[in-house]
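Chemist: model the following, please.
(chains A, B and C)
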Amino acid sequence: MAYKILIVEDSKASREFIASAVESVGGVEAFTTSTGFDALKLLSRQRFDLIITDLNMPGINGLELINFVKKSPTYRETPLFVITTEGREQDRAKGLALGAAEYLVKPFEPQQLEGLLMRYLNIA
Amino acid sequence: MTTSTKGLSDFVAEATEILDALSRDLAILDRRRGERLEPDLVNGIFRSAHSLKGLAAMFGEQRIAQLAHQTEDLLDRLRLGRIELTEKVVDALIESFDTFQVVLAETSRRERSAVATERAEAVSQKLAQFIDSGTVEQSDALDQLELDTQVRNVLTEYEEHRLRENLREGMAVWKVRAVFDLSDFDQGLARLNSKLKSLGEVISTLPSADPGDGTGIAFDIIFGGKVETEKLRLALTALPASVHPLFQFQPQPAEPSLPLEQLVSPTPPGAEPEHRSPVRVAVSNAPQQASGALPAYANPRFGTADAMVRPSPKQPDGEGDPVGRGLTQTVRVDIGRLDSLMDAVGELLLIKANVARLAEQASRGGKPPPGQLWGHELHRESRLLERKLDDLQKGILEVRMVPLGQVFDKLARTVRRIARESGKEVDFLMRGGEVEVDKLIVEALSDPLMHIVRNAVDHGVETPDERERLSKRPRAAVAIRAMQRGNQVVIEISDDGRGLDEERIREVAVRTGILTRAQAEEMTPRELQRLIFLPGFSTASRVSELSGRGVGLDVVKTNISRLSGMIDTHSERGVGSTFTITLPETLAIVRALVVSVSGRVYAVPLNAVSEITSIAESEVRTVEGREVIGLRGKTIPLARLARVFELPETELRRCFILVVGLAHRRLGIAVDELLGQQDVVVKPLGGRLRHTPGIAGATDLGDRNPVLVLDTGALIEEVVNSERRPELV
Amino acid sequence: MAAFADILKQFFYAPDEDVGELFRPSIPADEMTLLASQERPGEYLAFFLAQECYAIPIDQVREIVRVPPLTEIPRSADNLLGVIKLRGEILPVYDVKMRLKLCERPPKIAGPEVEPGSLTSTSRILIVRDPEGDVGVLVDAVREVIRLKPSEIESLAPGIGGGDHLVGLGHLGTDLFILLDIHKALA
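Modeler: Numbers count the residues shown, from 1 in each chain, chains lettered A, B, ... in the order given. Sure, this is the predicted structure:
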């Protein structure tokens, strides 16, 4: 059974980039949404093993999503990564404080993400 | 970091979309200088810059990310009234847009030049200056608000910033709580949002899992606006929302949602709100005009006269950059069109299956050769194939069509800019932007149209003073009109300026040796006007810094004839000029005459050929060494294609003549054989082959190698103009 | 009937040659990991022009095709042999032998006056990436893909080769590869 990863990111190009990086790890399936709202919908319908979210999105921003996720009984334990732009240290700090497990700063090498994924999903 | 090819093209495609939206918004902003600033417009531009920044950061495109960051900052301050929208600011925004285009173009080619990098930095700094000049940051209003830390924890820096600014501007702030069903919360939320947006600004949306009701989801929306609480409540009556001004303690049932506890005491309604005091986050009856502060969406004053921007000559021509060119080879398509294409493809697959079966039958070796029945079946499939391919072709052509309005917007910006720079007042009218034309044509038209419009404003239109003296309206009118005529598109660019000066043209023609004095005297005004399309012809007495190299309409003409189009001019001294461009709707498909010359095959667009005849060698005459032929009493010049193309000539007693051109400028092109007619798809020769004289492109006749398509306009130019004399008609 | 069978063979699509099989690494795989990053080797496509063996970086090569019939362009530059149609795209094909002084003038391979013998069964066209538009380069034969470490590349001594289109000489065993700047050679 493949691991299911949810990617929340409003830029299409960035979404594809992250999804390819994620899927290059064997046994992993990427699901993508472009808004926090869609993420909420998907989360209520499927189980995910890991969530990756951008922070600065219109509508529900990443922090709000993390907050919601971490307070929900189903996803409390699910590892969560945030993606931020450089210079937004406060956001990063808030994300970690709210319970995000890791953060990635744009631009990042796909290998970095892959490594983190493997670690958190316990893939050899 | 090196991006994969797909990653790069995804990035460029998305960046281009963002820049397209930015372009449209900037055009509106440009048009509405001096008017009330619409918050949605500035917000839209702000969001574009923000998205561009995030996107560029993800792909490591530092130059774009950095500039986008500055642009975003500038726009943020604009939205919140800390900076005025002066001429300079608008120009700076447009400049940053142009710079994005340039840098993105480079990036899409995986290039990186020092010029572009420096330019991006220079524009960045320019924007930074505006930012610094804005009003100074006061002490943090949010701290004074004593917002619950839980709320602050989920507000990003950026949202905090917005909240802060809203407070500073004397906006009232509420928490709007709404509960929706899990199954359709997005619709409900969208309705709520649009209602709120019409009254103010949604600062943040906080979702929370609802306690008692497992099927519900609650949202707390932090909202800033200039309305009274009662009015807000009224507006939201139909929606499952409750409104809580942000200064009351709001007890929440113990659950994971976010209580907002404000310890600010309420202000009695009617009291004068002073937004510096920590207490006054007011739900006031008079939310606007906190004393001393500018309302958030101030009416920007027009910059004063010194805000006229001097053109910066060093830049590579802002419009010459690939602003008009598609950086990505993409078009936006209506789904309905795609569906019909899918249908056509489906039918083609069926035909293919049949043909494959027939081929399979035939290739089974050893059997007697395929019989008549087999032949019939093949024939039938072939006919079907032809019909279906035709449908497919038509469908695809439709998909390639884009509205001319794309180019018009850019032209409008140019007109405004040049008018300002040259001190003229111009109204630019556009009509027919919805006329659709093949995408390649639209892109190729961008430069020529820009050129003509520039000339109109630069040389054609007079200064307001001059116009008054001439009893003309002080504001000149430059108009562009597009119309569909059968399968052709006609574009007219007219101005009510000076009109062409035939005397001047005559002088220049004589001076540069294009005509003798005697010939010049004989020419009609119409003929003289047409001379401006000759290479090197310029009636500008000095090379204007603003329009580059003077007139250069010969280039325009060449570009248009490459599109199998024509350009003509009509002008009246003192009244104005009109340029008329006629184009085929699609570049792609042309009915062509297939001919052969010296063993080579060429295609000639049939709409360029006015008649076809044949003559014997003995009928060819010469006049002053140039070959001519007689055509029903008229004598026209002859061009042997083999000779023009420097090919070995075949000895024939008779040859075929294709008569091309119109009226006084006709030419007979001699070819060896006529091989037939065909509808062909013409592909322009790109890249290094761009400047192949006499060739418009290449096509596919179904044979294995491509066939070249003649550019009859260019051939006429080459042969007829090299004679430098009017035809003997 | 034989001719018919030939036509049928062309009806069924056959892809162009696969470059993947041409690869010859100069270093065995396990040794690769021990290399310091400065010694990262570059990959080059080696090909023959007359008797000489040339090489260009592999990432400049978009694909390799057999030589289809070319269409000549009238009044064009000497080194432009003609244009081809590659999956709908029209691409120019250039000769570089003249520039490299391997022949007096470029072969005529398009039009009715084709010189017999100018194309052989091993002739190929390399489709090279170029910012102004990809171009084709005619070569007499494609050899293989090689890996060269910077230490295996010798810069040109004066007197060897004229012009800045030659970048260096690669040595692999006893073989000599002339490294070419293809864009300069096409200028």
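Chemist: so which residue is smack in the middle of chain A?
Modeler: Geometric centre of chain A, nearest residue: residue A:52, 0.5 Å, by CA atoms, centre = their mean.
Chemist: confidence score at residue 88?
Modeler: In the absence of a named chain, chain A is used. We have a pLDDT of 68 for residue A:88.
Chemist: chain B is the one I meant
Modeler: Note on residue B:88: pLDDT of 83.
Chemist: skipping its backbone neighbours, what lies nearest the residue of chain C found nearest chain B in space?
Modeler: Closest approach between chain C and chain B, counting by CB to the nearest CB: residue C:133, at 2.0 Å. C-betas here are computed from N, CA, C, even on glycine. In space, and not counting its chain neighbours, residue C:133 is closest to residue B:687: 2.0 Å by CB to CB, 6 or more residues apart in numbering or on different chains.
Chemist: so who does the one you found touch?
Modeler: Counting by CB atoms under 8 Å, 6 or more residues apart in numbering or on different chains, residue B:687 touches C:92, C:130, C:132, C:133, C:134, C:135.
Chemist: which of those has the most neighbours?
Modeler: Within the contacts of residue B:687, most neighbours by other CB atoms under 10 Å in any protein chain shown means residue C:92, with 27 neighbours.
Chemist: need the contact list for the residue of chain C closest to chain B.
Modeler: Contacts of residue C:133 (CB under 8 Å, 6+ apart): B:686, B:687, B:688, B:689, C:91, C:92.
Chemist: show me which of the contacts of residue B:687 has the smallest pLDDT value.
Modeler: For the contacts of residue B:687, the pLDDT minimum is residue C:132, 77.
Chemist: ok, that residue touching residue C:91?
Modeler: No. Look at residue C:132 against residue C:91 with CB atoms under 8 Å: they stay out of range, at 11.8 Å.
Chemist: my guess is residue A:37 is in a helix, correct?
Modeler: Yes. Assessed with DSSP: H, G, I helix; E, B strand; the rest coil, residue A:37 lies in a helix.
Chemist: distance check, it against residue B:493.
Modeler: Separation of residue A:37 from residue B:493 (CB to CB, to the nearest Å): 47 Å.
Chemist: equivalent analysis for residue B:695, please.
Modeler: Counting by CB to CB, the gap from residue B:695 to residue B:493 is 28 Å.
Chemist: next: residue C:134.
Modeler: Taken as CB to CB, the span from residue C:134 to residue B:493 is 36 Å.
Chemist: now residue B:471
Modeler: The gap separating residue B:471 from residue B:493 is 24 Å, by CB to CB.
Chemist: of these two, who's got more company?
Modeler: Ranked by neighbour count (other CB under 10 Å), residue B:471 and residue B:493 place residue B:493 first, with 24 against 6.
Chemist: in the sheet, who's paired with the more buried one?
Modeler: Going by DSSP bridges, residue B:493 is paired in beta bridges with residue B:480, residue B:579.
Chemist: got the contact list for it?
Modeler: Shown in contact with residue B:493 (CB under 8 Å, 6+ apart): B:449, B:452, B:453, B:456, B:478, B:479, B:480, B:578, B:579, B:581.
Chemist: how close does it sit to chain C?
Modeler: Using CB to the nearest CB, to the nearest Å, residue B:493 is found at 31 Å from chain C.
Chemist: domains of chain B?
Modeler: Domain assignment for chain B by automatic domain parsing gives B:5-136, B:138-294, B:335-399, B:402-584, B:589-721.
Chemist: neighbours of residue 46, how many?
Modeler: Looking at chain A here, since you left the chain open. 10.
Chemist: chain C, not that one
Modeler: Neighbour count for residue C:46, taken as other CB under 10 Å: 25.
Chemist: so who does residue B:385 touch?
Modeler: Contacts for residue B:385 (CB under 8 Å, 6+ apart) come out as B:348, B:351, B:355.
Chemist: 7 Å instead?
Modeler: Contact partners of residue B:385, counting by CB atoms under 7 Å, 6 or more residues apart in numbering or on different chains, are residue B:351.
Chemist: tell me the spacing between it and residue B:410.
Modeler: Applying CB to CB, the value for residue B:385 to residue B:410 is 42 Å.
Chemist: ok, residue B:428 next?
Modeler: Applying CB to CB to residue B:428 and residue B:410 gives a distance of 11 Å.
Chemist: was I right about residue B:159 contacting residue B:203?
Modeler: Yes. With contacts counted by CB atoms under 7 Å, residue B:159 reaches residue B:203, the gap being 5.9 Å.
Chemist: quick one: residue B:609 and residue B:660 touch, right?
Modeler: Yes. Counting by CB under 7 Å, residue B:609 touches residue B:660, with 5.7 Å between them.
Chemist: these two: who's more crowded?
Modeler: Ranked by neighbour count (other CB under 10 Å), residue B:609 and residue B:660 place residue B:660 first, with 23 against 18.
Chemist: three-state assignment of that one?
Modeler: Of the three states, residue B:660 takes strand according to three-state DSSP.
Chemist: so what sits opposite it in the bridge?
Modeler: residue B:609, residue B:667.
Chemist: these two touch, right, it and residue B:669?
Modeler: Yes. The criterion here is CB under 7 Å, and residue B:660 meets it with residue B:669 at 6.2 Å.
Chemist: what residues does the stretch 1-150 of chain B have near chain A?
Modeler: Where the stretch 1-150 of chain B comes near chain A, counting by CB under 7 Å from any CB of the partner chain, the residues are B:1, B:7, B:10-11, B:14, B:47, B:51, B:53-55, B:57-60.
Chemist: need the max-distance pair from those.
Modeler: The largest separation in the residues of the stretch 1-150 of chain B next to chain A, counting by CB to CB, is between B:1 and B:47 at 26.0 Å.
Chemist: just want to know which of those two has more residues nearby.
Modeler: residue B:47 (17 against 10).
Chemist: and the more buried one, what's its pLDDT?
Modeler: Residue B:47 is assigned 85 on the pLDDT scale.
Chemist: report the contact partners of residue 108.
Modeler: Picking chain A for this. Going by CB under 7 Å, 6+ apart, the list of residues near residue A:108 is empty.
Chemist: you looked at the wrong chain, it should be chain C
Modeler: Residues in contact with residue C:108 (CB under 7 Å, 6+ apart) are C:114, C:115, C:118.
Chemist: let's see it at 6 Å
Modeler: C:114, C:115 (CB atoms under 6 Å, 6 or more residues apart in numbering or on different chains).
Chemist: same check on residue B:444?
Modeler: residue B:563.
Chemist: which stretch of helix or strand covers it?
Modeler: If you go by DSSP states H and E, residue B:444 is part of helix B:439-455.
Chemist: my guess is residue B:481 meets residue B:492, correct?
Modeler: Yes. Counting by CB atoms under 6 Å, residue B:492 is a contact partner of residue B:481 at 4.7 Å.
Chemist: any idea which residue of the stretch 51-200 of chain B lies closest to chain C?
Modeler: Closest residue of the stretch 51-200 of chain B to chain C, CB to the nearest CB: residue B:109 (5.0 Å).
Chemist: any idea which element the closest residue to that residue other than its chain neighbours lies in?
Modeler: Computed as CB to CB, 6+ apart, the closest residue to residue B:109 that is not its neighbour in sequence is residue C:131, at 5.0 Å. Using DSSP H and E, residue C:131 sits within no helix or strand.
Chemist: count the neighbours of residue C:131 for me.
Modeler: Using other CB under 10 Å, the number of residues around residue C:131 comes to 11.
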